[in-house]
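> From the sequence below, what's the structure:
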Amino acid sequence: MYLHYDDDTVEEGQALLGEVVFTTILVWVFLSAKKYEASTPLLYMFVVAAAQYAGIQIVSGVTSGFINFAISFGIKAVDAGEHGSDDLDDVWIYILGSLIGGAIGAVLYWVLELGKAKAKSSSKGEGKPLKEGKAKQQ
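Below you'll find the model as predicted:
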């Protein structure tokens with residue numbers, strides 16, 4: 001099965017990879033920028049929207065997907081209903097790409113944030129003498 005866009009043929013693996021990569025980037029950007037939402041909401045919205053826009057511009061040119069399988073499915077379902085095409089055969093790419101990319105983005109964020117937290121906690125404890133109460137407990 002192949003996806004078609006502007007007379008170019010894209011294989012399923014390429015389409016799935018595009019959806020996974022940009023969904024991963026979008027989720028990571030969203031989660032990373034979330035901590036700034038309260039202090040700078042406009043910047044937060046801009047960063048997330050810019051990541052979404054860039055992903056759509058790049059991926060839709062390859063897979064005609066929108067990094068949101070609900071939109072992709074809706075467009076394919078309407079097209080299949082109106083033209084009787086078999087466009088719904090490729091919907092699994094959008095669903096699987098979003099699920100895999102979302103999971104990778106969340107894990108990537110968690111690992112990077114966990115690494116930052118460990119680095120901060122280890123640097124805070126260096127060079128400070130223990131208080132007497134803590135030394136006696138150990």
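
> For this protein, which helix extends over the most residues?
If each helix of the chain is counted by residues according to DSSP state H, the longest one is helix 91-124.

> Would you indicate which residues of it are buried?
Of the residues in helix 91-124, those with enough neighbours to count as buried (16 or more other C-beta atoms under 10 Å) are Val91, Ile93, Tyr94, Gly97, Ser98, Ile100, Gly101, Gly102, Ile104, Gly105, Leu108, Tyr109. From N, CA and C alone the C-beta is placed, and that goes for glycine too.

> Please tell me how far Glu113 sits from Ser98.
In this view, Glu113 and Ser98 are 22 Å apart by C-beta to C-beta, to the nearest Å.

> circling back: quick check: of the buried residues of helix 91-124, which lies closest to Ser32?
When these are compared for distance to Ser32 (C-beta to C-beta), Tyr109 comes out closest, at 6.3 Å.

> Now that closest one: closest residue in space that isn't a chain neighbour?
Spatial nearest neighbour of Tyr109, chain neighbours left out: Leu31 (4.3 Å); criterion: C-beta to C-beta, 6 or more residues apart in numbering.
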